[in-house]
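Chemist: Mind folding the following:
(one chain, ligands or ions: 1)
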Amino acid sequence: MLKLDKIIKTYNKGKNNAFEALHGISLTVESGEMVAIVGTSGAGKSTLLHILACIDGYDSGEYYIDDMVIGKLSEGKMADIRNEKIGMVMQDFALIEEFTALDNVMIPLDFAARGKKKGKKERKEIAIKMLEMVQMQNFADKPVNSLSGGQKQRVAIARAIVNEPSLILADEPTGALDTETTREIMKVFIDLNKQGKTIIIVTHDLTVAEQCSRVIKIEDGVIIEGN
Ligand SMILES: Nc1ncnc2c1ncn2[C@@H]1O[C@H](COP(=O)(O)OP(=O)(O)OP(=O)(O)O)[C@@H](O)[C@H]1O
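Modeler: Here you go, the predicted model:
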């Protein structure tokens, strides 16, 4: 489903502070896998995740999602792929704190591809269904800034899955959570994986990594294990 072929990524390319962060990464992730990406600080995990998420480009090599060549797509088409195929979950939740849980979950529905736009009532129903999936329906009308860290991450996961992406990418999703809350959030990811979602989690937490079906270790911009 996902294939990286000899991806090279250089920050500040062409300048005297140019830095090659990924040195020719090749990786295939099949549909339905649950993968952890681990490695020391600065190894290139976030860089890799941002390329997988179609947030950042790359210098050479190629990235394929379902046989589509990502490097050849326009900005607009990349944005469509981000909205339709990929759900992102971040360590700091990246929610709008003063909005309610429900309003946060509804946001991506507004950006879904033209023609797919739905009426407000229908969008609200879809968002509530997503909150039910993460057991947060009773908090739908609460502002996010009144929720705990674990509750915020559940809302962020509901937002990530609202456009029914096949791929969920998470950057240190449990980094701000305690052990018990980490366990609960991992259960949500495992349930989503059982429902068929492909999940890739960047983590420093070995208890998170060992719950994934494959662990990819990256060091100095190179995959050294798990490929
Ligand atoms: N925007 C940038 N400009 C220049 N260098 C960058 C930029 N972003 C990252 N880097 C460098 O690229 C390398 C990989 O960074 P990356 O953030 O991918 O590492 P990481 O494995 O995610 O680290 P951490 O676990 O600390 O988040 C690091 O040496 C970093 O300093």
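Chemist: Contacts only, for Arg214.
Modeler: Counting by CB atoms under 8 Å, 6 or more residues apart in numbering, Arg214 makes contact with 33-36, 226. C-beta coordinates here come from the backbone N, C-alpha and C atoms, glycine included.
Chemist: ok, now with 10 Å
Modeler: Residues counted as contacts of Arg214 (CB atoms under 10 Å, 6 or more residues apart in numbering) are 29-30, 33-37, 200, 225-227.
Chemist: got a winner among these for most neighbours?
Modeler: Ile37 (28 neighbours; other CB atoms under 10 Å).
Chemist: How is that residue assigned, secondary-structure-wise?
Modeler: Following DSSP: H, G, I helix; E, B strand; the rest coil, we place Ile37 in the strand state.
Chemist: That one and Ile200 touch, don't they?
Modeler: Yes. Proximity of Ile37 to Ile200 meets the contact threshold set by CB atoms under 10 Å, at 6.5 Å.
Chemist: gap between the nearest residue to Val222 once chain neighbours are set aside and Ser60?
Modeler: If you skip the residues right next to it in sequence, Val222 has His23 as its closest partner in space, 5.5 Å away by CB to CB, 6 or more residues apart in numbering. Here the criterion is CB to CB, to the nearest Å. By it, His23 lies 11 Å from Ser60.
Chemist: These two: who's more crowded?
Modeler: When His23 is set against Ser60 and neighbours are counted by other CB under 10 Å, the residue ahead is His23, at 15 against 12.
Chemist: Are there residues contacting both of His23 and Ser60? Which ones?
Modeler: Shared contacts of His23 and Ser60 (CB under 10 Å, 6+ apart): 6-10.
Chemist: And the helices in this protein?
Modeler: When assigned using DSSP state H, the helices of the chain occupy the ranges 45-52, 75-85, 101-110, 120-133, 149-161, 179-194, 206-209.
Chemist: Comparing these, which comes out most buried?
Modeler: For the helices of the chain, the largest average neighbour count (mean count of other CB atoms under 10 Å) is found in helix 149-161, namely a mean of 24.
Chemist: ok and it relative to helix 120-133, angle-wise?
Modeler: With axes from the mean of the first three to the mean of the last three CA atoms, to 10 degrees defining the directions, helix 149-161 sits at 130 degrees from helix 120-133.
Chemist: between helix 149-161 and helix 179-194, how big is the angle?
Modeler: Using the same axes, to 10 degrees: helix 149-161 against helix 179-194 is 20 degrees.
Chemist: What helices and strands are in contact with helix 149-161?
Modeler: Packed against helix 149-161, as judged by 3 or more CB pairs under 10 Å, 6 or more residues apart in numbering; DSSP states H and E, are the following elements: strand 86-90, helix 101-110, helix 120-133, strand 167-171, helix 179-194.
Chemist: Tabulate these (CSV), appending mean pLDDT and distance to the ligand.
Modeler: As requested, the helices and strands packed on helix 149-161 are arranged in CSV below (pLDDT from 0 to 100; distance: least, CB to the nearest ligand atom, whole Å):
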stretch, mean pLDDT, distance to the ligand
strand 86-90, 96, 12
helix 101-110, 92, 24
helix 120-133, 93, 28
strand 167-171, 97, 8
helix 179-194, 96, 17
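Chemist: Tell me which of the ones you listed sits nearest to Leu52.
Modeler: strand 167-171 (5.9 Å; CB to CB).
Chemist: Please identify the pairing partners of the closest one and their relative orientation?
Modeler: When pairs are called by DSSP bridges, strand 167-171 turns out to pair with strand 86-90 (parallel), strand 198-202 (parallel).
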